[in-house]
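Student: I would like the atomic coordinates for the input below:
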Amino acid sequence: MNPLLIAKNLHFFYTQQCIIKKLSIKLNRGDIVGLLGQNGAGKSTCLQMLSGNLYPAEGEISIDGSDLLKEPEAAKQKIGYLPDEPPLYNDLWVDEYLTYAARLHRIPSSAITTAVNRVKKQCELNSCGRKLIGQLSKGFRQRIGIAQALIHQPDLIILDEPTIGLDPVQMRELRDLISMLGSQHGIILSTHILPEVESICNRVDILHQGEILHSEQLNQQQGDQLTIQLAEPPAFEALSKLPSIKSAISLGERRFLLQPANDATNQEIAAQLIPWGLQVLTPQQKSLEQRFIQLTSGEVQQR
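Tutor: Numbering: from 1, shown residues only. Sure, this is the predicted structure:
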């Protein structure tokens, strides 16, 4: 299966400062990818480039085989985008606004009513058609924002902080909607909320200071990791190249977090570490929160 989205080596500069650098993302149909990062990490800038609203200084973006930079109209027809501030008109009825969105996406006049009814059903907006957008709650307004992104049945849906400002019930309802949409589309969403990624995404890309530091399949995580402490640690490269070690992160003070190779036992790893004065070897369950904090704290070194 060919990837739905391929973005390679994206760079973006603002006032001579590199905001996004060496950023690459791949997304398949059926994937829900969480772009996880602290505030200011570059998430919104990244999504604006992927949606065609910002032109990268370098790199390339392909949407289902269409080059977003060279043939933007063809590529954008395959994209549905919800920015961090939904592009709504408060003085329009929901039906009026969705009809307007359908026309913007060049849906034939004969098919507009069907398209509006379809997204209202998908987003549970059937009771809101004749209500003013400005009189609706934040949760319903977010649903309307998603509905306008779906109106033309895009292959790729891009959501920027879709649950921000919602109460717990609204967040749960919106997460359920996104999970349902993930079976039919490819979805990439940005957030800084760890539980949100863990509850609806099948992959996470951790973004920090404009770079993707780590990417992993959430439904294929390895089990135990190992925390070790060495009396006389070697050069980091020597440790990370051990055949029994898949990856290593330095935690400082002669401590390291190791991901064992698939067939390596703790005994084998311990035997290879004894020459460096192995003092502590403690198995621990892998944690997305731990990984995120370690990678974005600026205090770790990863293989």
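Student: going forward, measure contacts between C-alpha atoms and count neighbours the same way
Tutor: OK.
Student: give me the secondary structure label for L295.
Tutor: Of the three states, L295 takes helix under DSSP: H, G, I helix; E, B strand; the rest coil.
Student: residues near it, how many?
Tutor: Using other CA atoms under 10 Å, L295 has 19 other residues around it.
Student: how about it, nearest residue that isn't a chain neighbour?
Tutor: Spatially, and ignoring its direct neighbours in sequence, L295 is nearest to L213 (7.0 Å; CA to CA, 6 or more residues apart in numbering).
Student: now the helices for the protein?
Tutor: 43-50, 72-76, 94-104, 109-122, 138-150, 168-181, 194-200, 236-240, 266-273, 288-296 (DSSP state H).
Student: same list (the ones you listed) but as JSON lines, adding distance to E85.
Tutor: JSON lines is the format used below for the helices of the chain (distance: least, CA to CA, whole Å):
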{"stretch": "helix 43-50", "distance to E85": "11"}
{"stretch": "helix 72-76", "distance to E85": "19"}
{"stretch": "helix 94-104", "distance to E85": "16"}
{"stretch": "helix 109-122", "distance to E85": "20"}
{"stretch": "helix 138-150", "distance to E85": "9"}
{"stretch": "helix 168-181", "distance to E85": "16"}
{"stretch": "helix 194-200", "distance to E85": "19"}
{"stretch": "helix 236-240", "distance to E85": "43"}
{"stretch": "helix 266-273", "distance to E85": "49"}
{"stretch": "helix 288-296", "distance to E85": "26"}
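Student: could you point out which of the ones you listed sits nearest P86?
Tutor: Proximity to P86 (CA to CA) singles out helix 138-150 among the helices of the chain, at 5.3 Å.
Student: list the residues that contact the residue nearest to L295.
Tutor: Counting by CA atoms under 8 Å, 6 or more residues apart in numbering, L213 makes contact with D205, I206, L207, L295.
Student: same check, this time on Q38
Tutor: Contacts of Q38 by CA under 8 Å, 6+ apart are H192, L207, H208.
Student: quick one: it from E161, how far?
Tutor: Note on Q38: its distance to E161, by CA to CA, to the nearest Å, is 12 Å.
Student: ok, now I269?
Tutor: To E161, I269 is 41 Å away according to CA to CA.
Student: re the thing from before, nearest to Q77, of the contacts of Q38?
Tutor: When these are compared for distance to Q77 (CA to CA), L207 wins out at 26.9 Å.
Student: correct me, but the closest one touches T45?
Tutor: No - between L207 and T45 there is no contact under CA atoms under 8 Å: 11.4 Å.
Student: these two: who's more crowded?
Tutor: Higher neighbour count among L207 and T45: L207, with 27 against 19, using other CA under 10 Å.
Student: beta-bridge partners for that one, please?
Tutor: Taking DSSP bridges as the rule, L207 bridges to I212.
Student: export stretch 57-70 to PDB, keeping only CA atoms.
Tutor: The C-alpha trace of stretch 57-70 is given here as PDB (Å, rounded to 0.1, in the frame of the first residue of the first chain):
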ATOM      1  CA  ALA A  57      11.800  26.800   2.500                       C
ATOM      2  CA  GLU A  58      13.000  23.300   1.600                       C
ATOM      3  CA  GLY A  59      11.600  19.800   1.300                       C
ATOM      4  CA  GLU A  60       8.700  18.100  -0.500                       C
ATOM      5  CA  ILE A  61       5.200  17.000   0.400                       C
ATOM      6  CA  SER A  62       3.100  14.400  -1.500                       C
ATOM      7  CA  ILE A  63      -0.600  13.700  -0.800                       C
ATOM      8  CA  ASP A  64      -1.700  10.400  -2.300                       C
ATOM      9  CA  GLY A  65       0.800  10.800  -5.200                       C
ATOM     10  CA  SER A  66       0.000  14.600  -5.800                       C
ATOM     11  CA  ASP A  67       2.900  17.000  -5.200                       C
ATOM     12  CA  LEU A  68       1.500  19.700  -2.800                       C
ATOM     13  CA  LEU A  69       4.100  22.200  -3.900                       C
ATOM     14  CA  LYS A  70       3.900  21.700  -7.600                       C
END
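Student: just the buried positions in that stretch, please.
Tutor: The neighbour-count check on stretch 57-70 (16 or more other CA atoms under 10 Å) flags G59, E60, I61, S62, I63, D64, S66, D67, L68, L69 as buried.
Student: mind checking which of those are in strands?
Tutor: Those of the buried residues of stretch 57-70 mapping onto strands are G59, E60, I61, S62, I63, S66, D67, per DSSP state E.
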